[in-house]
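Colleague: Here is my input; please provide its structure:
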Amino acid sequence: MKVFVTGACGMLGTEICRELGRLGDQVVPVDLQVRYPGVQALDICQFFDLQSLVERERPEAIFHLAARVELSRSHVASTFRRSRQS
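Modeller: Alright, predicted model coming up:
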């Protein structure tokens, strides 16, 4: 089976890609920051780039594991303030 994996360079994405490959699946790994050979650079927030790659690869399944892990202090503080107001 052809499987598309976003966040392929993250902790979970790396393990999912490795296991899928071990099981014989064809993996299409993508990540914003490429740290491993074979991973394609892709910003999933760029809709047309994402659409183009999915249309070209035609995966049977998608594991969406991409996430932003770096948060600025101002973002964390504003989120905390909003949650306290609720």
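Colleague: in which helix or strand would I find the closest residue to residue 61 other than its chain neighbours?
Modeller: Excluding the flanking residues, the one nearest residue 61 by Cβ to Cβ, 6 or more residues apart in numbering is residue 3, at 4.9 Å. Using the backbone N, CA and C atoms, a C-beta is placed for each residue, glycine as well. Element membership for residue 3 (DSSP states H and E) is strand 2-6.
Colleague: can you tell me which residues contact the residue nearest to residue 61?
Modeller: 20, 25-28, 59-63 (Cβ atoms under 8 Å, 6 or more residues apart in numbering).
Colleague: Swap in 7 Å and give it another go.
Modeller: By Cβ atoms under 7 Å, 6 or more residues apart in numbering, residue 3 lies in contact with 20, 25, 27-28, 59-61, 63.
Colleague: from those, which ones fall inside helices?
Modeller: residue 20 (DSSP state H).
Colleague: could you flag which of the contacts of residue 3 are buried?
Modeller: Burial by neighbour count, 16 or more other Cβ atoms under 10 Å: within the contacts of residue 3 this picks out 20, 25, 27-28, 59, 63.
Colleague: Can you point out the buried residues in the strand holding residue 3?
Modeller: The neighbour-count check on strand 2-6 (16+ other Cβ under 10 Å) flags 3-6 as buried.
Colleague: how about the strands in the protein?
Modeller: For the chain, the strands defined by DSSP state E occupy 2-6, 26-31, 40-41, 61-64.
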